[in-house]
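*Asks:* Generate a structure from the sequence data that follows.
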Amino acid sequence: MEAKAYLRNVRIAPRKVQIVLDLIRGKDTATAMAILKHTPKAACEYLEKLLKSAVANADHNFSMDVNNLYVAECYVCPGPIMKRIRPRAQGRAFHVFKRTSHITLVLKEKE
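*Replies:* As a prediction, this is how the structure comes out:
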């Protein structure tokens, strides 16, 4: 049995999220929440909310024991890219890519 939570079209680059996901992969939910609270990265704010949602899904939808949950899988995929143009010297244009992310978090119960 597994509980999933998704976060789509988050306005943060996937490579920034990946750094934090590597910290919490395989940890139990209490440890993962403590890591997210004390890590000074922008992605932690989104991931903390997503972890709370996944725990709530596990409790409400699947009646899993909240104390025995751990982060089984967590990954990020690139979302749509917003393309913007920044004016530069001598009439040139500089392309700015505002990247987004799709984040998936899967919780399982310890045996």
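
*Asks:* What values do phi and psi take at Pro40?
*Replies:* Dihedral pair for Pro40: phi -80, psi 70, per degrees, to the nearest 10.

*Asks:* Give me the spatial nearest neighbour of Lys37, chain neighbours excluded.
*Replies:* Using Cβ to Cβ, 6 or more residues apart in numbering and skipping residues adjacent in sequence, the residue nearest Lys37 is Glu48, 6.8 Å away. The way it works is simple: take the backbone N, C-alpha and C, and place the C-beta from them, glycine included.

*Asks:* which ones are touching Thr31?
*Replies:* Neighbouring residues of Thr31 by Cβ atoms under 8 Å, 6 or more residues apart in numbering: Ile24.

*Asks:* For this protein, give me the ranges with low pLDDT.
*Replies:* For the chain, applying pLDDT under 70 flags no range at all.

*Asks:* Repeat the analysis, applying 90 as the threshold.
*Replies:* 1, 111 (pLDDT under 90).

*Asks:* how many other residues sit next to Phe94?
*Replies:* 10 (other Cβ atoms under 10 Å).
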